[in-house]
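Colleague: structure, please.
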Amino acid sequence: MAAHAQRAGPAWDDVEQDDDDIYEDSDDGADSPDEGDGAVDEFDVSAVPIFTSGGVRRLFVVEKTLRCVSSYRPSFEYLGRVVELGAAASPDSGRVLEAGLTLSLRYEPPSPKFTAKCPGSASYRLKVSRGEEFLYSTRGLNKRVVVSGVAKAVVWGNLELGF
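Modeller: Presented below is the predicted three-dimensional model:
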């Protein structure tokens, strides 16, 4: 059964540690940014298909942690690749869709407008770039985060990270 992880400020209120099944209780009914929950999409997120959707699993495989800041405004920056997984595929056997990407996740205190438009979303800014080339940014991720130490994976709504 899942146990709650240590809390480190407002951004970690719904973090769940789950060493058995990374999908257990991962859907609390809140939509993710690419399902029209009102999150602010600044660029076309289909340009780099990073989110799992429509029965197609996509995983951002972290190759290197560039930055990890724990504070009132946590932020993470990873270098990696996006792979598309088959039914029983492992991250190493998935088809590589994009490589050399930087994924940045940064907590931004929610404004009243964001809170009203995206009540089911945590106020995180997700930014994807390739080197100096900015690809897209979106704000608002699912409030529930499921962490699997066994699978070395994080499922955050439709965003899946493999370490």
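Colleague: all strands of the protein, in order?
Modeller: Along the chain, the segments classed as strands by DSSP state E run 3-4, 15-17, 40-41, 57-69, 75-85, 95-107, 121-130, 133-142, 145-148, 153-156, 159-162.
Colleague: could those be laid out in TSV, adding mean pLDDT?
Modeller: Output for the strands of the chain, formatted as TSV (pLDDT from 0 to 100):
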stretch	mean pLDDT
strand 3-4	36
strand 15-17	47
strand 40-41	41
strand 57-69	94
strand 75-85	93
strand 95-107	94
strand 121-130	93
strand 133-142	90
strand 145-148	92
strand 153-156	90
strand 159-162	92
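Colleague: now distance to Phe51 and mean neighbour count too, for those, in CSV please.
Modeller: C-beta here means a position set from N, CA and C on the backbone, and glycine is covered the same way. Shown next, in CSV, are the strands of the chain (distance: least, CB to CB, whole Å; neighbours: other CB atoms under 10 Å):
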stretch, distance to Phe51, mean neighbour count
strand 3-4, 25, 10
strand 15-17, 20, 17
strand 40-41, 11, 15
strand 57-69, 6, 16
strand 75-85, 10, 19
strand 95-107, 12, 17
strand 121-130, 9, 20
strand 133-142, 9, 19
strand 145-148, 15, 22
strand 153-156, 10, 21
strand 159-162, 6, 22
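Colleague: let's have those in TSV, adding distance to Thr115.
Modeller: Formatted as TSV, the strands of the chain follow (distance: least, CB to CB, whole Å):
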stretch	distance to Thr115
strand 3-4	23
strand 15-17	20
strand 40-41	12
strand 57-69	24
strand 75-85	20
strand 95-107	14
strand 121-130	8
strand 133-142	10
strand 145-148	19
strand 153-156	19
strand 159-162	21
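Colleague: what about Ala116, how many neighbours?
Modeller: Ala116: 10 surrounding residues under other CB atoms under 10 Å.
Colleague: what's the distance between it and Leu141?
Modeller: 17 Å (CB to CB, to the nearest Å).
Colleague: next: Pro74.
Modeller: Taken as CB to CB, the span from Pro74 to Leu141 is 12 Å.
Colleague: ditto for Val69
Modeller: 17 Å.
Colleague: what of Arg125?
Modeller: For Arg125 relative to Leu141 (CB to CB), the value is 9 Å.
Colleague: list residues touching both of the two?
Modeller: Between them, Arg125 and Leu141 share these contacting residues under CB atoms under 8 Å, 6 or more residues apart in numbering: Leu105.
Colleague: residues in contact with Leu79?
Modeller: Contacts of Leu79 (CB under 8 Å, 6+ apart): 62-66, 100-102.
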